[in-house]
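Peer 1: Would you be able to build a 3D model of this:
(chains A and B)
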2 protein chains.
Amino acid sequence: MIPLLEPIRSDLEQVKRLLHATLAEIGEPLGSELSETVNGGKCIRPALVILVGHLFSAPAVSFHKLATVVEVLHTASLIHDDLVDNAALRRGRETLHTSWSTGVTVLVGDALLAQAAALLAELNRPQILRVFADALRAMVAGEIEQLLTAGKAQCSREGYYRRIEAKTAALCAAAMEMASILAEADEVQIAALRRFGWELGIAFQIVDDVLDLIGDEAQLGKPAGSDLRQGLVTLPTICYLEQAKSSAVVDAVLAGQGDEKLMRTAIETICASGAVDAALEEARSHVWQGQEALILLPDGGPRQALGALIEYAVERKY
Amino acid sequence: MIPLLEPIRSDLEQVKRLLHATLAEIGEPLGSELSETVNGGKCIRPALVILVGHLFSAPAVSFHKLATVVEVLHTASLIHDDLVDNAALRRGRETLHTSWSTGVTVLVGDALLAQAAALLAELNRPQILRVFADALRAMVAGEIEQLLTAGKAQCSREGYYRRIEAKTAALCAAAMEMASILAEADEVQIAALRRFGWELGIAFQIVDDVLDLIGDEAQLGKPAGSDLRQGLVTLPTICYLEQAKSSAVVDAVLAGQGDEKLMRTAIETICASGAVDAALEEARSHVWQGQEALILLPDGGPRQALGALIEYAVERKY
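Peer 2: Numbers count the residues shown, from 1 in each chain, chains lettered A, B, ... in the order given. Got it, this is the predicted structure:
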């Protein structure tokens, strides 16, 4: 657990318990395997939900359930996405589909979506179900778009933002919106918290994409530069292409040409160009906008914790 | 459309419109492809929902939505199941995963689950969401169990009933339960209608399995005996194995031995043995139990239509 979440440790432990009970319903040995993968997560999304509960001093139990819903949905989407993208590693562990068949992997994701729906039913709030469904639709639509446009140019800033919105910001925004509905916040507060979640998600994903390029392989739990290796253009590369006078090496790598040596040269070229700083600066501007959204909310410990959490999104090293 | 559904044609057309609008949200060309596949269905599940609405003279619009939810969930499960089982044909058409990648197929199923959840949210009834989630859990758990026990003996009657409950009866029962909750039926009526749906689903699936063995390939839209070819033991084979003095040919086929000629001999042996009649008799006993459940409900056209629908489950030839 990241240190700044220490004040809500006991809540997060309750969420973990609920989460493991939910995963256990899938049956063994799948349940245990899923539990280990889930343990490697940073708990950002459940923390968002818990902190909104604290912000409005709302009763804890239903927030533990909602935080579990969010993490179960997140886990289901990771399982299907890793299968779709044929990713071998996640959080330093082998992905589910590397040790299980496609069939089992598909069904485990479906089972988790069913569990999330069952927990949502217990919350008894159709308005929350609507937000959940919209988030799931946005996430899946983004993945479908990415698949169908793969191979074509994905180098536009606009296309990049659409992708990371679907991949990360949609669920963070939905987590904040669902939590604030559950806390019976007013419309203005709900909109502000949703906005905060969206900005946090965007900042978080930009930094993820920067770390993919410059980060330490052991800490990342996956090979450095893996996006570029898959032909996936992220913000640092976009910033580089916008500013570079000549981008022959990077162009060649994106066109699928060259060997490992050229790939390393391309990564070093992007890193040396100031594009990484430009991308981080852009992430920081989302952090500021997220912090601005918090001004409308009750001051105190939970608000400060949300502010610290969005700072963490850009300050972290892995 | 099967003739006995003529009285609710206009409702079913409304459902089709909603359904196609829902599928269209997936985007082209996937939406059109899905629409064509859905058009090949018998509309049994939507009809169940509509008839419950008529039974209680409840307002139509929300029943159209619920019928769409049920058909969307059914379609999502067929798409994922056909991928999991690597089935090439469905309703005489190529399955989605034969012309699209695994990734697209997984995501289209997920997108449909999201759409179903969005429609459910519009119904504003958490109790219905609970039934939906439980049905999805049961369906997926059944498929996972089937995958994990594949290769092992699946010849027990108990195992067979567990499988067809998950595959067919769970959703038919859930469709009836959700519709009767929406119609504000009382507890006794809800239980009776759920029971009816369960019996109809079981009878329907037994007959499906019989037709797979004896049916006409052109009408079925898939090769005859396809279950046995995949090593899947269904009720006619179970009845045969229970009564046969010597079952060497069928045993050999189930052990994966022999050629096409032996397979045809096995199919003919089962068909000639009276096992098909025994299985159909068993399906008929579920029809009677379903009809018995209807006694508790208001008499009139809709009840008679439900009675006719469960009759149709065993009388149909494809």
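Peer 1: C-alpha only now, for contacts and for neighbours.
Peer 2: Will do.
Peer 1: so where's the stretch 51-200 of chain A shaky on pLDDT?
Peer 2: Across the stretch 51-200 of chain A, the ranges flagged by pLDDT under 70 are A:150-154.
Peer 1: how does it look with 90?
Peer 2: Where the stretch 51-200 of chain A drops to pLDDT under 90, the residues are A:59, A:81-104, A:145-156.
Peer 1: Return the residues of it in contact with chain B.
Peer 2: Within the stretch 51-200 of chain A, the residues that sit near chain B (C-alpha under 8 Å from any C-alpha of the partner chain) are A:80, A:83-85, A:102-104, A:106-108, A:110-111, A:114-115, A:117-118, A:121-122, A:124-127, A:129-130, A:133-134, A:136-137, A:140-141, A:143-144, A:147.
Peer 1: tell me how far the helix or strand encompassing A:Phe204 is from the chain's mean position?
Peer 2: Following DSSP states H and E, one finds A:Phe204 within helix A:187-214. Chain-centre distance of helix A:187-214: 9 Å, with C-alpha atoms, centre = their mean, to the nearest Å.
Peer 1: Show me what it is packed against.
Peer 2: helix A:157-164, helix A:170-182, helix A:226-229, helix A:235-243, helix A:260-272, helix A:275-294, helix A:301-315 (3 or more C-alpha pairs under 8 Å, 6 or more residues apart in numbering or on different chains; DSSP states H and E).
Peer 1: got the contact list for A:Leu51?
Peer 2: A:Ile8, A:Pro302, A:Arg303, A:Ala305, A:Leu306 (C-alpha atoms under 8 Å, 6 or more residues apart in numbering or on different chains).
Peer 1: cool, A:Glu28 as well?
Peer 2: Here A:Glu28 is in contact with no residue (C-alpha under 8 Å, 6+ apart).
Peer 1: Next, it: secondary structure please.
Peer 2: coil (DSSP: H, G, I helix; E, B strand; the rest coil).
Peer 1: What separation do you get for it and A:Leu34?
Peer 2: For A:Glu28, the distance to A:Leu34 equals 10 Å [C-alpha to C-alpha, to the nearest Å].
Peer 1: and if you look at A:Glu122?
Peer 2: The spacing between A:Glu122 and A:Leu34, counted by C-alpha to C-alpha, is 23 Å.
Peer 1: Same check on A:Val131?
Peer 2: Distance, A:Val131 to A:Leu34, using C-alpha to C-alpha: 26 Å.
Peer 1: Go ahead and confirm A:Ile214 touches A:Ala224.
Peer 2: Yes: in this structure A:Ile214 lies within contact range of A:Ala224 using C-alpha atoms under 8 Å: 6.9 Å.
Peer 1: how would you label the nearest residue to A:Met1 once chain neighbours are set aside: helix, strand or coil?
Peer 2: Distances taken as C-alpha to C-alpha, 6 or more residues apart in numbering or on different chains put A:Lys42 closest to A:Met1, at 6.2 Å, once the chain neighbours are dropped. Three-state call for A:Lys42 (three-state DSSP): coil.
Peer 1: now A:Lys42: how far from A:Leu4?
Peer 2: According to C-alpha to C-alpha, A:Lys42 stands 11 Å off from A:Leu4.
Peer 1: Could you do A:Leu55 as well?
Peer 2: Separation of A:Leu55 from A:Leu4 (C-alpha to C-alpha) stands at 16 Å.
Peer 1: next one: A:Ile164
Peer 2: For A:Ile164, the distance to A:Leu4 - C-alpha to C-alpha - is 25 Å.
Peer 1: which one of the contacts of A:Leu51 sits closest to B:Val253?
Peer 2: A:Ile8 (60.0 Å; C-alpha to C-alpha).
Peer 1: And for that closest one, the neighbour number?
Peer 2: 15 (other C-alpha atoms under 10 Å in any protein chain shown).
Peer 1: and if you look at A:Glu36?
Peer 2: When neighbours are defined as other C-alpha under 10 Å, A:Glu36 has 12 of them.
Peer 1: Give the full set of residues in contact with it.
Peer 2: Contacts of A:Glu36 (C-alpha under 8 Å, 6+ apart): none.
Peer 1: and A:Pro298, helix, strand or coil?
Peer 2: Here A:Pro298 is recorded as coil under three-state DSSP.
Peer 1: What segments of the stretch 1-150 of chain A are strands?
Peer 2: Taking DSSP state E, counting those that start in this stretch as the test, the strands found in the stretch 1-150 of chain A are A:89-90, A:93-94.
Peer 1: Now A:Gly103. Nearest residue, chain neighbours left out?
Peer 2: B:Val84 (4.2 Å).
Peer 1: in stretch A:147-166, what counts as buried?
Peer 2: Buried residues in stretch A:147-166, counted by 16 or more other C-alpha atoms under 10 Å in any protein chain shown: A:Leu147, A:Gln154, A:Cys155, A:Gly159, A:Tyr160, A:Tyr161, A:Arg162, A:Arg163, A:Ile164, A:Glu165, A:Ala166.
Peer 1: And for stretch A:55-66?
Peer 2: Going by neighbour count (16+ other C-alpha under 10 Å), the buried part of stretch A:55-66 is A:Leu55, A:Phe56, A:Ala58, A:Ser62, A:Phe63, A:His64, A:Lys65, A:Leu66.
Peer 1: dump the residue contacts of the second one.
Peer 2: Contact partners of A:Phe56, counting by C-alpha under 8 Å, 6+ apart, are A:Ala183, A:Ala185, A:Pro298.
Peer 1: Serialize those residues to CSV and add fields for distance to B:Arg93.
Peer 2: CSV is the format used below for these (distance: C-alpha to C-alpha, whole Å):
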residue, distance to B:Arg93
A:Ala183, 49
A:Ala185, 50
A:Pro298, 58
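Peer 1: wait, which of those is closest to chain B?
Peer 2: Closest to chain B out of those is A:Ala183 (18.0 Å), distances taken as C-alpha to the nearest C-alpha.
Peer 1: Neighbours of A:Val233, how many?
Peer 2: With other C-alpha under 10 Å as criterion, A:Val233 counts 20.
Peer 1: Any figure for the gap between the residue nearest to A:Gly103 and B:Gly41?
Peer 2: In terms of C-alpha to C-alpha, B:Val84 sits 20 Å off from B:Gly41.
Peer 1: Look at those two and report which has more neighbours.
Peer 2: B:Val84 (22 against 14).
Peer 1: What's the separation between that one and B:Ala67?
Peer 2: Distance of B:Val84 to B:Ala67, computed by C-alpha to C-alpha: 26 Å.
Peer 1: try A:Ser99
Peer 2: A:Ser99 sits at a distance of 38 Å from B:Ala67 (criterion: C-alpha to C-alpha).
Peer 1: can you check A:Leu51 too?
Peer 2: On the measure of C-alpha to C-alpha, A:Leu51 and B:Ala67 end up 39 Å apart.
Peer 1: now swap in A:His20 and tell me
Peer 2: Between A:His20 and B:Ala67 the distance is 34 Å, computed by C-alpha to C-alpha.
Peer 1: And the two? Which one has more around it.
Peer 2: B:Ala67 (29 against 20).
Peer 1: With B:Val38 as the reference, measure out to the closest residue in space to that one that isn't next to it in sequence.
Peer 2: Nearest non-adjacent residue to B:Ala67, counting by C-alpha to C-alpha, 6+ apart: B:Pro46, 4.4 Å away. Per C-alpha to C-alpha, B:Pro46 is found 12 Å from B:Val38.
Peer 1: And these two? Which one has more around it.
Peer 2: The neighbour comparison of B:Pro46 against B:Val38 (other C-alpha under 10 Å) goes to B:Pro46, with 26 against 20.
Peer 1: shouldn't that one be in contact with B:His74?
Peer 2: No: judged on C-alpha under 8 Å, B:Pro46 makes no contact with B:His74 at a distance of 10.1 Å.
Peer 1: List the contacts of A:Ala58.
Peer 2: Listed by C-alpha under 8 Å, 6+ apart, the contact partners of A:Ala58 are A:Ala183.
Peer 1: Would you single out the least confident of the helices and strands packed on helix A:187-214?
Peer 2: If the helices and strands packed on helix A:187-214 are sorted by mean pLDDT, helix A:226-229 sits at the bottom with a mean of 85.
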